[in-house]
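Enquirer: Got a sequence here, can you model it:
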Amino acid sequence: MAFQASTKRPIPLSARTDLTVEDSVYQGETFRVVKDTVALKYFRLKAEQFAVLELLDGQRSLEQIRDAFQREFPTLRPSLAQIRQLITDLHEKGLVHSERSGQGPKLLEQARERRRKQIFAAIKNVLYIRIPGWDPESALRKLYPLTRWVFHPATVAISWLFIAASWILLAVQFSTFESRMIEFSQFFSWPNLLYLWITMGLAKVVHELAHGLACKHYGGECHEIGVAFLVLSPCLYCDVSDSWILSSKWRRIAIAAAGMWAELMISAASLFLWWFTEPGLLNHLAMNTFLVTAVTTIIFNANPLLRYDGYYILCDLLEIPNLRIKADKAVYRTFARTCMGIDVPADSFAVHKRIGWFVLYSVAAALYRWFIVFVIMFSLYEMLKPIGLQKFGLGLGVFSLCMIVWQLVFKIYKLLVMPRMRPMSYSRATISIVVLLALVGGALIIPFPLSVEAPLVVEPAGGQNVYVLTSGKLVSLDVRPGTRVEKGQVLAQLRNFEKEDRYLELQIQVAVQREEVAMQRRLEDVGQETIVLQKLKSLEEQLADFHSQLTQLTVVAPCDGIVIAAEAVAEPSTKTVEGRKLKEWHGSPLDPRNLGCFLKTGTQLMTIAPAEEYQAVLVIDQLDRNDFSTGQAVEMKFEHRPSDTYDGQITQVAETALEIAPKPLSNKFGGDLPTTSDSSGRERLTSSAYQAQVAVDIDPSLLSTGLRGHARIVVDSRTAGDWAWRYLRRTFNFRM
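Expert: Coordinates of the predicted model:
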């Protein structure tokens, strides 16, 4: 007996009796979902694995377990090594225990190893830090009766109608929403950024509580809830892993979607609150809440490329648990076999069908994670820049990127040092390296044409703007838009009663002063005559100046041409100007309703186009300014004829930055340029841009002033690397 083979000796391991087991069906196959009620861990076992677990009673030997296994599964012929591997896997999962002494040090070492992995995982993901929480089961048990009605089918249906109504409102009023987005972004800067963090924190509290209550509603338990920091913003996390023991996938999906449903309800209520309130703190807070809940739901929670709610919903819909892990392993094995000639052993849950879809999912998820890290890095940079901590935010993003690269390098290292029966294929590895170097070299060396697009607006060619030179009340308009005028023709008449009264006073003072000069001459008082002459000269200069100003109240055409209406201005509030409460005006000064309104000096009345020709005015981003020069060919498309392309040529590129955007190009009027309205109703650009003029050789009857379009200019040839760097600069635009 002392020399009995190890395969014939009893295995000193027994299945734990405190495990909870439920059946669950995935893609037509029944699995056993095992719950470790102590560690609160969950394991999905195939029928074969669970059979081995049941056979472990501390008395059977390895051969006895194999024989019993074959009697239950006669079509399978596992080797003793495979049975031993299954038992080892069950032991590592903690599903078996041993009565033998000496288990403590081993279990302690396993616990320490798990702890090290948890710490390393936290370091890897500094943008999402979880702090160990507490068991909320008793609190949820008390809270659930108060919220049970929320999960009633009628309540759920009404809530989705409410959410749909908010989406319809957003779609119908999207232009208004978009136009006020810039004001919102200006309002929420330091220190008002605190509102953003508080909103995100409260929204996530509701989100996680919805998960926990939904889990209670469908018969599960929630044994951990705690504080987490998502991009430095405090929020809650709720562990509803107990939903895995539910046999119905639709209940699991409902639990996973409960948080997003709660946030969508908040976003819908916030959107209606924003719409029905006047601009102010409450209005901005409502928009802030809508953006936080809607954007985080779409970008993070609902996106199946990240391991949040959308990911688990997709796993249940496809009935593929651990989709991400399987997809990553599929990429790992495909890379090892194709690029290095290494066959990586597949585990019992590895995918063998439709591997291409798993590879595609894994690559898409990896690229999206990189994108999210860049977005978060840019957001942190912009948020912390006002207080001088932008390098800290940039450092967090760079660290996260480095950890992603480190994981990739470490996986390749493990692949190289992994024990294997056959050596690595050096020919495949060489070809892979050559292809990689060729791709990198091509990206850095081979140039590709670079085209730049810019929004454009049509304006009269060579037009001369007509401005109010002396402020006054508009008493008559002698022209209308489209009227042909000649140079010197009267266009409009203004009156300034204050200046007219002052002019009459000056006329009287000049006449009196002239009499005073004549009297001093008759008295032959030379000294007094000199004084009154100086005073007369000063009065005559003032009189001439006022005469010139009054003359300017008659507005005349500076050249022959056609009258073009000036850009409309926003409706201002009623103001008192020069002691008089005057009628407010808005729109174009040529509008008949504006007769009798007071126009300030510098107000543009109209434009006189000397010919029936037009030009296109392009607004160029600052990063593209040096790529433009006179004489370059331009391809243009106009909104009213989107299928036609027209040619033009740049005639002038401005040397100074453009501050005021043409109104048709403002995003508030349907254009592409983000702008903010100043006190004068003008649309100021939010970023630096330059203006370029393009000669348009098109039938004038096809164009009109204010027509929008887009221009494309081939400016240079650049490598793919230059393209990527230019895109990053344009997208993130870091300035240290």
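
Enquirer: Give me the pLDDT for Tyr144.
Expert: Looking at Tyr144, its pLDDT is 91.

Enquirer: now it, nearest residue through space, not along the chain?
Expert: Lys216 (4.8 Å; C-beta to C-beta, 6 or more residues apart in numbering). For glycine as for every other residue, the C-beta is placed from the backbone atoms N, C-alpha and C.

Enquirer: if I look at that neighbour, how far off is Ile299?
Expert: For Lys216, the distance to Ile299 (C-beta to C-beta, to the nearest Å) stands at 28 Å.

Enquirer: neighbour count winner among these two?
Expert: Lys216 (23 against 15; other C-beta atoms under 10 Å).

Enquirer: Show me what the longest helix that the chain contains packs onto, helices and strands only.
Expert: Assignment by DSSP state H gives helix 355-384 as the longest helix of the chain. Helix 355-384 sits against helix 323-340, helix 390-417, helix 720-732, with contacts defined as 3 or more C-beta pairs under 8 Å, 6 or more residues apart in numbering; DSSP states H and E.

Enquirer: Show me which residues of it are buried.
Expert: 355, 358-359, 361-362, 365-366, 369, 372-374, 376-378, 380-384 (16 or more other C-beta atoms under 10 Å).

Enquirer: cool, and stretch 597-608?
Expert: 597-599, 603-608.

Enquirer: Can you list the residue ranges for helices in the stretch 451-600 of the chain?
Expert: 497-522, 526-552 (DSSP state H, counting those that start in this stretch).

Enquirer: Tabulate those helices (a markdown table), appending mean neighbour count.
Expert: A markdown table is the format used below for the helices of the stretch 451-600 of the chain (neighbours: other C-beta atoms under 10 Å):
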| stretch | mean neighbour count |
| --- | --- |
| helix 497-522 | 14 |
| helix 526-552 | 14 |
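
Enquirer: can you put those helices in JSON lines and add mean pLDDT and distance to Ile253?
Expert: Listed next are these as JSON lines, based on pLDDT from 0 to 100; distance: least, C-beta to C-beta, whole Å:
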{"stretch": "helix 497-522", "mean pLDDT": "86", "distance to Ile253": "74"}
{"stretch": "helix 526-552", "mean pLDDT": "85", "distance to Ile253": "74"}
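
Enquirer: is it possible to export those to TSV including distance to Ser14?
Expert: Shown next, in TSV, are those (distance: least, C-beta to C-beta, whole Å):
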stretch	distance to Ser14
helix 497-522	104
helix 526-552	104
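
Enquirer: what's the closest of those to Leu236?
Expert: Closest of the helices of the stretch 451-600 of the chain to Leu236 is helix 497-522, at 65.8 Å (criterion: C-beta to C-beta).

Enquirer: ok so, going back, indicate which one of the helices of the stretch 451-600 of the chain is closest to Thr277.
Expert: helix 497-522 (41.3 Å).

Enquirer: so how far is the closest one off the chain centroid?
Expert: 69 Å (C-alpha atoms, centre = their mean, to the nearest Å).

Enquirer: pull the helix or strand with minimum mean pLDDT from the protein.
Expert: Sorted by mean pLDDT, DSSP states H and E, the helices and strands of the chain end with strand 576-577, the least confident at a mean of 46.
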